[in-house]
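Chemist: Pasted the sequence and its predicted model underneath.
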Amino acid sequence: MIGIIIVGIFLSLSFVNHSFGYNVEYQIIGKQFSKNPLICTYEPVLGSDPYLKQWGVDRLSETARLAVQDWQSALQQNEKRELRDNWRIDYRVLTDKNIDSKKECNVLIQFESMPQEKSEWYSVLGVTYSNYNNTDVKLIKIYYRDVKICQTNDAQYIYYNLCYGEDMLISEKLRTTITHEIGHALGLGHYQADDVKVNAAWAKGGAEADSIMAVFSHENSKLMKIKPIDIEKIKSIYTPNGFKSIQDTLKEQPTEIETIPEPQIVQKTQLIPTWVKNNAKWWSEGNSDDQTFVNAIEFLVKSEIIKVSSVSQTDDSDTIPTWVKNNAKWWSEGIITDGDFIKGIEFLAEHGIIKIKS
Ligand SMILES: [Zn+2]
């Protein structure tokens with residue numbers, strides 16, 4: 001049930017001046033349900049987060065309900081009336097009173113203010129774990145705290161770093177993130193172009209992706225929607241009966257039981273696109289030149305992931321200091337955080353080693 005479908009697309013995008021071609025890979029993780037799935041949300045506990053208020057708790061549960069409804073309506077649209085129930089997705093909020101019914105849930109959504117792993121701060125909006133606790137249950141974690149730019153300074157420089165504020169992600173961003181992660185739980189992988197510039201434009205909002213399963217960032221997350229290709233893809237997984245099992249709809253047929261061993265798959269939504277990290281790794285290992293790395297960093301600056309306070313025109317150095325290469329290596333290996341890496345890059349930009357073209 002695991003397959004890769006390559007769809008060839010040729011498009012002209014407004015963020016570049018010329019047309020070019022790229023291929024899109026849209027992977028299927030696999031068939032996940034053999035009955036109408038029940039998606040459950042743990043109601044966040046007040047007190048687990050000092051900034052969380054009752055309205056926030058309500059908003060999180062309600063937004064998850066809307067995301068579930070988005071999938072259900074998109075799947076039921078254009079289906080004959082009698083087939084619509086095949087695509088029903090149930091939703092339940094788990095509270096103290098009904099927590100015992102947790103074992104009926106096929107997907108669990110858990111809200112956390114921010115990732116526990118520091119290396120995932122500011123970049124990961126949500127994660128889907130398949131085979132949670134070695135069961136068929138999928139666990140979705142949603143990190144609901146919004147990021148902002150904080151200013152700090154020392155004697156010489158002003159630094160602009162990402163930090164977590166007190167605000168919750170706006171509803172549209174939350175809804176998109178949950179919808180995307182539910183897509184993983186239903187069996188969809190990422191929708192990715194083989195051109196890094198295209199992926200980056202989708203992630204940052206420079207161009208609109210044809211799928212909710214494109215990787216997106218904080219900036220673009222409210223623009224992402226379930227698209228026809230997503231529905232087509234899910235319908236290609238769950239044929240011919242939707243989420244219902246074959247014995248429910250065709251009782252006279254022999255029962256076909258399908259067990260698919262699945263590796264634990266973790267899908268993450270990155271603020272800094274993966275290709276930048278890959279670039280940093282290759283460069284630090286000497287497998288790509290300085291210019292390729294600088295281009296990747298310029299992308300981060302231009303898309304305002306990295307804020308630069310000033311760009312010096314007078315620095316006479318045009319080589320990248322060794323410590324930056326070490327930083328890039330450590331960052332690509334997850335040893336240092338995005339924030340530490342960003343500080344190093346700010347140094348480059350402020351010394352004019354990276355020229356920011358407008
Ligand atoms: Zn994802």
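Modeler: Happy to help now that I have it. Numbering: from 1, shown residues only.
Chemist: What's the first helix or strand after whichever strand or helix holds residue 111?
Modeler: Using DSSP states H and E, residue 111 maps to strand 107-112. Toward the C-terminus, strand 107-112 is succeeded by strand 126-129 as the next helix or strand (DSSP H and E).
Chemist: got the buried residues for the strand holding residue 111?
Modeler: 107-109, 111-112 (16 or more other C-beta atoms under 10 Å). The C-beta positions use only the backbone N, C-alpha and C, and glycine is treated the same way.
Chemist: Neighbouring strands of it in the sheet, and parallel or not?
Modeler: Paired neighbours of strand 107-112 in the sheet (DSSP bridges): strand 38-42 (parallel), strand 138-143 (parallel).
Chemist: got a list of contacts for the first one?
Modeler: Think strand 38-42. Residues outside strand 38-42 that contact it (C-beta atoms under 8 Å, 6 or more residues apart in numbering): 60-61, 64-65, 68, 89-94, 102, 104-111, 182, 185.
Chemist: Just the CA atoms of it, as CSV, please.
Modeler: Extracted in CSV, the C-alpha atoms of strand 38-42 (Å, rounded to 0.1, in the frame of the first residue of the first chain):
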residue,chain,number,x,y,z
LEU,A,38,-12.6,8.7,15.5
ILE,A,39,-10.3,11.7,16.0
CYS,A,40,-10.0,12.8,19.6
THR,A,41,-8.6,15.9,21.2
TYR,A,42,-7.2,16.1,24.7
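Chemist: Toward the C-terminus, what is the element adjacent to that strand?
Modeler: Following strand 38-42 in sequence, per DSSP H and E, is helix 54-76.
Chemist: Please apply the same query to the last one.
Modeler: Where DSSP H and E defines the elements, the next helix or strand beyond strand 138-143 is strand 145-153.
Chemist: thinking again about what came up before, between the strand holding residue 111 and strand 145-153, how many degrees?
Modeler: What separates the directions of strand 107-112 and strand 145-153 is an angle of 30 degrees, with axes from the mean of the first three to the mean of the last three C-alpha atoms, to 10 degrees.
Chemist: Let's test this: mean pLDDT of strand 107-112, rounded?
Modeler: Mean per-residue pLDDT for strand 107-112: 96.
Chemist: what residue ranges in the chain are flagged as low confidence?
Modeler: 1-20, 246-271, 304, 306-319, 352-358 (pLDDT under 70).
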